[in-house]
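Enquirer: I'd like to go over a predicted model; first the sequence, then the structure.
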Amino acid sequence: MENSAIKGRRDREEPYVLDDQVGFVLRQAQQRHTTIFAAEMIEGLTPTQWAALAKLEECGVCSQNRLGRLTAMDAATIKGVIDRLTVRGFTTIRPDPDDARRLLVALTPAGSKLYDRAAPIAALITQKTLEPLDERERSILVALLRRLA
């Protein structure tokens, strides 16, 4: 007797083609961006470290938990990112005086200087990632991705 799942795949009018699947194409685009990021970004910053620095520059001091939410990182990931940035002298952490269970994260002066040096490079990375697209296509792509996020 034939497995119905296998039979179901064979009976489809349109075959499953990996290259046409959104997850596969998104992963390829992410790999392109990650490769460009690694080649261009200064100080060995990772995309998650850059996201944390950029969001701290934008928002100022905030809790580590909130920073994780703002940068789409879970609690363990943001903790590791901030620990590494703190060891390098780019961020500081301190207990929140209003809630000792909460940690507040801030950029140090060195972190702010790093942000100032890295921001134009990050913009260039975005430009290189989107280079195959014209301006209209870039806007549409980003708008559509925001709807999916």
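Expert: Okay, I see it.
Enquirer: can you show me the helices along this protein?
Expert: 4-11, 22-40, 47-59, 64-70, 75-87, 109-129, 135-148 (DSSP state H).
Enquirer: number of nearby residues for residue 56?
Expert: 24 (other CB atoms under 10 Å). Using the backbone N, CA and C atoms, a C-beta is placed for each residue, glycine as well.
Enquirer: nearest spatial neighbour of it, chain-adjacent residues omitted?
Expert: Excluding its sequence neighbours, the residue lying closest to residue 56 (CB to CB, 6 or more residues apart in numbering) is residue 107, at 4.8 Å.
Enquirer: now the chain, which segments are flagged as low pLDDT?
Expert: 1-12 (pLDDT under 70).
Enquirer: show me the longest strand that occurs in it.
Expert: As assigned by DSSP state E, the longest strand anywhere in the chain is strand 99-107.
Enquirer: show me what counts as buried in that strand.
Expert: Neighbour-count burial for strand 99-107 flags 103, 104, 105, 107 (criterion: 16 or more other CB atoms under 10 Å).
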